[in-house]
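Q: sequence first, predicted coordinates after that:
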Amino acid sequence: QVQLVESGGGLVQVGDSLRLSCAASGRTFRISPMAWFRQAPGKEREFVSTISWTGRNTYYTDVVKGRFTISRDNAKNTVYLQMNSLKPEDTAVYYCAAGRAYNDLILTSGSAEYWGQGTQVTVSS
């Protein structure tokens, strides 16, 4: 069992930065792929970024490439999402997700086993 708690969301201006954190509990965090998804009002949940359990492999959806960076600190059981150059279209609830141990990257919500409660990010113009 893995429990995930996101933090770091908030209200920012266009062009600002935020760093989201996802603190995980459970023995399998260090061997589980992790991911960030987001859901804007009236839209379906969408993939944002994922990182392998080793931290060596990452993947991003095209609209955030070059602006967002995913990372993990297995010693702290935490995964991060550094978001720079934020745009109004980045406004959403951001969810952290954990995948099955030793699996590769999480590219779809169906590959996630555990979810956090979400943290709101609002980018104001």
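A: Yes, it's here.
Q: report the contact partners of the spatially most central residue of the chain.
A: The structure's the chain has its C-alpha centroid closest to residue 36; by C-alpha atoms, centre = their mean the separation is 2.3 Å. For residue 36, the set of contacting residues under the criterion of C-beta atoms under 8 Å, 6 or more residues apart in numbering consists of 20, 22, 48-50, 70, 79, 81, 94-97. To be clear about C-beta, it is placed using only N, CA and C from the backbone, and glycine gets the same treatment.
Q: would CSV of the residues you listed with pLDDT be doable?
A: Rendered in CSV, the data for these read as follows (pLDDT from 0 to 100):
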residue, pLDDT
20, 98
22, 98
48, 98
49, 98
50, 98
70, 98
79, 98
81, 98
94, 98
95, 98
96, 98
97, 97
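Q: can you map out the strands along the chain?
A: Counting by DSSP state E, residue ranges of the strands within the chain are 3-7, 10-13, 18-25, 34-39, 46-51, 58-60, 68-73, 78-83, 92-99, 112-115, 119-124.
Q: tabulate the ones you listed (TSV), appending distance to residue 105.
A: Putting the strands of the chain into TSV (distance: least, C-beta to C-beta, whole Å) gives the following:
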stretch	distance to residue 105
strand 3-7	17
strand 10-13	28
strand 18-25	16
strand 34-39	7
strand 46-51	4
strand 58-60	5
strand 68-73	10
strand 78-83	13
strand 92-99	8
strand 112-115	11
strand 119-124	22
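Q: distance of residue 99 relative to residue 24?
A: For residue 99, the distance to residue 24 under the criterion C-beta to C-beta, to the nearest Å works out to 12 Å.
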